[in-house]
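**Q** The following comprises the amino acid sequence and a computationally predicted model.
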Amino acid sequence: MENFCQTGNLEHKDGYDVCRDVKKMTLPSGILRYDLTLIYPKKQTKGHYHVNDEPELYEVISGIANFLIQNRDASQTYMVEAQEKDKVIIPIGFSMRTINPSDDKILIISNWIKDDVKNDYNAFKNLQKPIRLKPKKILQELENLDFLLNPQKYKDFLTVENLYDKIDF
């Protein structure tokens, strides 16, 4: 897509493009990085954990996204179905893979993450059948984004039960 990455550093992946370092935000406790990801129809990201189990905040800019998340031992596996403008928080200790389910539309998502986060692409487990979820409105306690820099301080809020509603099949 033309004009996708006007600022930042463009990385071409298999089935998607990432525009890293679009902007930064300095908070009292550290620096956050804002990235954009463009996922082509019927494609998905590779999937990863954060080495230090940091949370991450995503927003669907354009399209529909399925966020496949699971904890490290794969005992909790969820599919978060998000629409445009939905915000999705990846809880502490969960992996994440983003899927574009569309046959013909590009998906664009943004994310805020701690600037120095390290990804582990090798630890993504064989997936169990996920429980389908949809995002709840972000809790007031999380609106200041400090949870991205100090996740342990907010661990009681950063639970699947607080962040999502189940979707019945």
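**A** Done, it's in. Numbering: from 1, shown residues only.
**Q** Give me the contact list for the host helix or strand of Thr98.
**A** Thr98 belongs to strand 94-99 when elements are defined using DSSP states H and E. Residues outside strand 94-99 that contact it (Cβ atoms under 8 Å, 6 or more residues apart in numbering): 37, 39, 43-49, 56, 58, 65-72, 76, 90, 107, 109, 123-125. No exception for glycine: its C-beta is placed from N, CA and C like everyone else's.
**Q** I figured Ile109 hits Glu59, correct?
**A** Yes. With contacts defined as Cβ atoms under 8 Å, Ile109 counts as touching Glu59 at a distance of 6.7 Å.
**Q** hey, what's the closest residue to Asn66 other than its chain neighbours bridged with?
**A** In space, and not counting its chain neighbours, Asn66 is closest to Ile99: 4.2 Å by Cβ to Cβ, 6 or more residues apart in numbering. Beta-bridge pairing of Ile99 under DSSP bridges involves Gln44, Asn66.
**Q** any idea which element the most centrally placed residue in the chain lies in?
**A** In the chain, the residue lying closest to the centroid (Cα atoms, centre = their mean) is Tyr58, at 4.5 Å. Element membership for Tyr58 (DSSP H and E) is strand 56-62.
**Q** got the angle for that strand vs strand 94-99?
**A** Orientation of strand 56-62 against strand 94-99 (axes from the mean of the first three to the mean of the last three Cα atoms, to 10 degrees) gives an angle of 10 degrees.
**Q** quick one: contacts of strand 56-62?
**A** Contacts for strand 56-62 (Cβ under 8 Å, 6+ apart): 36, 50, 65, 67, 82-90, 96, 98, 105-113, 117, 145, 148.
**Q** Quick check: which ranges of the chain have low pLDDT?
**A** 1-2, 123-128, 168-169 (pLDDT under 70).
**Q** Can you show me the strands along it?
**A** Secondary structure of the chain (DSSP state E): strands at 9-12, 16-27, 30-39, 49-50, 56-62, 65-71, 77-82, 87-90, 94-99, 107-114, 119-120, 131-135, 164-166.
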